[in-house]
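1. Sequence and predicted structure, then a few things I'm wondering about:
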Amino acid sequence: MYFGPDNESLFGWLHRPPDGKRTDVGLVICQPFGYEAICAHRSIRAFAHAVAASGIATLRFDYSSTGDSAGAAADGDQIAHWCDDIVAAIHALKRHAGVTRVCLLGMRLGALLAGLVAAEHDVEALVAVAPVVTGRRYLRELRTYQATAGAAGSAGRDEGGMEVTGFSLSPATVERLAAVDLTTMALNSPRVLILDRDDLATASAWQEGLARRGANVDYRRLPGFAEMMSTPHASQIPQQMLAATVEWVGALIGPRLPDASTEHAAPRRMPPPASLHLTGARGIRLRESACFVDDDRTIFGIVTAAAGERESVGAAPKHGAVMLNCGATYHIGPSRMHVELARQWAERGYVVLRLDLAGLGDSATRSGRPENEVYPPDAVLDVGRAVDYLRRAHGVTNVTLIGLCSGAYHALRAAVAGIPATALLMINPLTFYWKPGSTLSDLQISEVVRNPGVYSERVLDASAWRRLLRGRVNVWRIAAIYARRIALAFESALRDLGRLFHIHLPNDLGRDLELLADRGVKIVFVFARGDGGEELLRLQGGVTVKRLGDRCRVYVIDGADHIFSQSGPRKELLRLLDSELPA
């Protein structure tokens with residue numbers, strides 16, 4: 001659903017209780033900031049499902065200029081703006097779910113925001129998961145992360161602002177955060193549940209301060225935070241925190257309500273809007289719509305197009321694009337890159353679908369398959385359904401597939417399998433042939449092509465030798481990498497020879513690229529300098545890549561990491577992709 005005025009509309013998911021369980025209590029979930037929000041996306045969804053199943057209508061949503069909500073860049077006091085967004089979410093939940101009492105659940109920075117709202121507005125209760133209690137300490141954490149990630153040089157978007165893993169805080173926001181301390185504030189919420197980290201507790205002083213002011217505080221230290229905030233593909237749901245939340249909030253449930261018990265709570269007669277209108281950077285009106293691309297409502301996506309594009313369906317050939325998941329990152333893409341690209345390309349006349357494969361993001365998980373599966377076996381079918389949807393619902397005739405890392409792999413494999421595509425824009429693929437049954441913890445082909453050079457650089461490093469002598473280096477893994485590298489070089493020469501004599505060998509990347517080029521598919525690879533996929537393309541593609549010339553373009557961008565989390569290289573990437581988009 002979308003709520004709020006045009007150009008400021010917020011995107012969210014309303015989780016309704018099962019029939020017969022609806023109560024007068026609702027819950028608004030306030031998510032973390034930036035990369036933590038991407039990592040916690042799966043867990044936030046699980047919290048919403050579980051709480052709603054107990055009879056409590058739940059709304060999870062994206063703040064302005066984040067996720068799928070309207071807005072492009074950090075500006076002004078984001079803290080104040082995001083607090084206003086939470087208040088808007090409270091009103092939207094009351095309006096569309098018919099509840100009279102609303103609780104807030106905040107994770108990390110979301111807990112600080114929820115606390116600020118609870119200090120000025122009456123809320124039924126507050127749940128704080130691993131809360132940020134003081135903004136000053138949080139800013140120190142962000143700066144420490146910048147330093148350890150080697151991104152200190154990208155700290156300033158403007159003087160006094162911050163950029164962390166591709167997400168920006170404005171100077172005004174940094175200044176506001178430095179002054180926020182929940183331990184000095186009284187809340188209008190009489191009941192508070194604090195679920196602190198078991199490994200690094202930070203909220204005990206807040207709990208003590210609330211108790212002194214007369215609040216009914218339940219403070220617990222529970223495990224699961226570190227696992228929840230792991231990389232998206234390895235993120236785990238903090239089951240003990242989830243169970244504690246459902247039990248505690250469930251105790252607040254009041255009388256059961258019949259369906260549509262008030263004039264505001266008629267969800268079946270008055271569904272919330274599933275689209276928004278916004279003005280793009282070039283002044284063109286755009287329409288963004290949530291959708292499922294298949295009949296059984298498994299595969300979720302968001303379509304961005306010029307506001308009047310539906311009127312011209314069937315009138316002329318139209319271009320579209322399908323953006324695929326990067327690893328287990330949901331459909332906004334790394335650093336919200338897909339949202340920025342989709343709105344930029346929609347102004348050029350494209351119909352852009354940001355897709356979640358089954359089991360990822362907001363798509364359902366198929367029976368018998370695990371969640372967060374980065375290389376699912378049915379990905380090609382999902383891509384095919386997405387392309388069919390663009391053709392059927394939006395009259396698209398020419399489709400570009402774009403993806404980073406695993407998304408690049410799925411784009412290539414879908415095109416090779418015959419899914420009609422005009423162009424492939426592939427960024428930092430780490431493999432071209434995924435072996436079923438493999439896991440991301442197994443020895444990956446990207447290690448084979450990248451790590452030997454790293455090990456060679458460490459031969460003269462005394463600290464590396466000390467780790468080796470102390471048994472802290474996996475010698476067998478290094479040996480396996482070198483052995484696989486030798487075998488890979490031999491395979492590359494063998495495949496070049498096979499193509500010369502027209503012998504078709506299995507898993508032949510060069511032949512796959514030739515087939516795509518012969519079909520007229522535009523092939524574009526983009527790599528961060530030093531990323532393993534660049535060397536892998538040379539080894540597995542062999543002489544074919546050079547022979548195809550302009551039909552298979554390869555670009556390398558300096559100074560970038562794997563997901564282009566820093567603004568400078570990311571801008572160069574977006575500029576390059578824009579230039580390679582079929583006109």
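-> Structure received.

2. surely residue 104 meets residue 126?
-> Yes. Assessed by Cβ atoms under 8 Å, residue 104 is found in contact with residue 126 at 5.2 Å. For every residue, glycine as well, the C-beta is placed using N, CA and C.

3. what residues are shared contacts of the two?
-> Residues within reach of residue 104 and of residue 126 at once, by Cβ atoms under 8 Å, 6 or more residues apart in numbering, are 114, 118, 189.

4. Can you check what pLDDT the model gives the second one?
-> On the pLDDT scale, residue 118 is placed at 96.

5. burial of it, as a residue count?
-> 26 (other Cβ atoms under 10 Å).

6. what do you get for the first one?
-> Close neighbours of residue 114, defined as other Cβ under 10 Å, add up to 29.

7. That one in helix, strand or coil?
-> Judged by DSSP: H, G, I helix; E, B strand; the rest coil, the three-state class of residue 114 is helix.

8. From residue 38, how far off is it?
-> 20 Å (Cβ to Cβ, to the nearest Å).

9. and of the shared contacts of residue 104 and residue 126, the nearest to residue 544?
-> residue 114 (55.2 Å; Cβ to Cβ).

10. Next, the contact list for that closest one, please.
-> If you count contacts by Cβ under 8 Å, 6+ apart, then residue 114 has 30, 86, 104-106, 126, 128 around it.

11. now with 10 Å?
-> 28-30, 83, 86, 103-107, 123, 126-129, 131, 182, 187, 189 (Cβ atoms under 10 Å, 6 or more residues apart in numbering).

12. Just the ones of those residues in strands?
-> Filtering the contacts of residue 114 for membership in strands, criterion DSSP state E, returns 28-30, 103-107, 126-129.

13. Identify, from those residues, the entry nearest to residue 164.
-> For the ones in strands among the contacts of residue 114, with residue 164 as the reference and Cβ to Cβ as the criterion, the closest is residue 107, at 16.5 Å.

14. Not counting sequence-adjacent ones, nearest residue to that closest one?
-> Excluding the flanking residues, the one nearest residue 107 by Cβ to Cβ, 6 or more residues apart in numbering is residue 129, at 4.5 Å.

15. got a pLDDT number for the one you found?
-> 98.

16. Please report how far it lies from residue 200.
-> 14 Å.

17. repeat for residue 372
-> Going from residue 372 to residue 200 by Cβ to Cβ gives 25 Å.

18. Please identify which of the two sits among more neighbours.
-> residue 372 (17 against 10).

19. what sits in contact with each of residue 129 and residue 200?
-> residue 225.

20. and after the host helix or strand of residue 192, which helix or strand comes next?
-> Element membership of residue 192, judged by DSSP states H and E, is strand 191-197. Under the assignment DSSP H and E, the closest C-terminal helix or strand after strand 191-197 is helix 204-212.

21. Can you name every helix or strand that that next one contacts?
-> For helix 204-212, the packing partners by 3 or more Cβ pairs under 10 Å, 6 or more residues apart in numbering; DSSP states H and E come out as helix 109-120, strand 125-129, strand 191-197, strand 216-222.

22. Nearest to residue 535, out of the ones in strands among the contacts of residue 114: which one, please.
-> residue 107 (39.1 Å).

23. got the contact list for the closest one?
-> 29-33, 36-37, 40, 43-44, 47, 114, 127-132, 195, 225, 228-229, 238, 241.

24. mind checking pLDDT for it?
-> pLDDT, read off for residue 107, is 98.

25. From residue 241, how far out is it?
-> From residue 107 to residue 241 the distance is 9 Å (Cβ to Cβ).

26. intersection of neighbour lists for those two?
-> 43, 47, 127, 129-130, 195, 225, 228.

27. Save those as JSON lines, and put in distance to residue 211 too.
-> Below are these laid out as JSON lines (distance: Cβ to Cβ, whole Å):
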{"residue": "43", "distance to residue 211": "28"}
{"residue": "47", "distance to residue 211": "25"}
{"residue": "127", "distance to residue 211": "16"}
{"residue": "129", "distance to residue 211": "19"}
{"residue": "130", "distance to residue 211": "19"}
{"residue": "195", "distance to residue 211": "16"}
{"residue": "225", "distance to residue 211": "23"}
{"residue": "228", "distance to residue 211": "27"}
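
28. secondary structure class for the closest residue to residue 365 other than its chain neighbours?
-> Spatially, and ignoring its direct neighbours in sequence, residue 365 is nearest to residue 359 (4.3 Å; Cβ to Cβ, 6+ apart). What three-state DSSP gives for residue 359 is coil.
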